[in-house]
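A.B. asks: take a look and give me a structure for this.
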Amino acid sequence: MRRNLLEAPAILLHLLAIALVIGPAVFFGAVVAPQSFHLLPTRDMAGALQAPILTQLCWIAEGGFLLLIATSWWLTRDGASKLLKMLMTRAAFLGLIAAVVIERLLVTQIDKIRKDAPGLIDSLPAADPARILLGRLHRLSTGFFSIEIAAGVLVLVTTARWIANRRPAPAYPAVPGASRPPVPPVPKVLDLSGV
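C.D. replies: A predicted model of the protein is given here:
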């Protein structure tokens, strides 16, 4: 009985965590990042704008993925297939790792390169080691960001699968020896039998 009382809030938290993981990441990748590079005069200014946004976005994603790990485990602890449970929890864990790598390793390294550069990154020659390294780190960051979004989508798909496979709850509690209440007859709206 206690599980039934907690299941609806757990599903709600689970779905909110999925929204927190996927929504801001897609908005950042589809709108914020391209528009900041398009509207600002230099790539350095766009990068300086995006670094704190991306860091805070990673904090949101980390919290969402931690919540997804907990709710995935709790919701699938009995009655779900092993494959479904494994996909839900491990995809959330993979997304958490991707968010931590972006926040702790890649964004900090990119900021360090920007600060240590002798001038604007845009003005450095294409063969400059700092510019080459920045390009590689940016591609890595984009790749891990894609992994983060894909992990969130995988959790969403497996959650939909889990919800679809659940057994429906009985309409009324089964009492030993009690019969089902009578089903009222369906009214005939248009009876054409006498025509």
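A.B. asks: any buried residues in stretch 29-46, and which?
C.D. replies: Gly29, Val32, Ala33, Ser36, Arg43, Asp44, Ala46 (16 or more other Cβ atoms under 10 Å). In short, each C-beta sits where N, CA and C put it, glycine included.
A.B. asks: other SSEs contacting the helix or strand harbouring the last one?
C.D. replies: It refers to Ala46. Using DSSP states H and E, Ala46 sits within helix 43-75. Judged by 3 or more Cβ pairs under 8 Å, 6 or more residues apart in numbering; DSSP states H and E, helix 43-75 is in contact with helix 2-27, helix 33-39, helix 82-100, helix 107-116, helix 129-165.
A.B. asks: okay if I get these as TSV plus mean pLDDT and distance to Ala61?
C.D. replies: Converted to TSV, the helices and strands packed on helix 43-75 look like this (pLDDT from 0 to 100; distance: least, Cβ to Cβ, whole Å):
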stretch	mean pLDDT	distance to Ala61
helix 2-27	90	6
helix 33-39	93	15
helix 82-100	95	4
helix 107-116	89	13
helix 129-165	93	6
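A.B. asks: what's the most buried one of those helices?
C.D. replies: helix 82-100 (a mean of 20; mean count of other Cβ atoms under 10 Å).
A.B. asks: now the angle from that one to helix 43-75?
C.D. replies: If you take axes from the mean of the first three to the mean of the last three Cα atoms, to 10 degrees, helix 82-100 sits at 150 degrees to helix 43-75.
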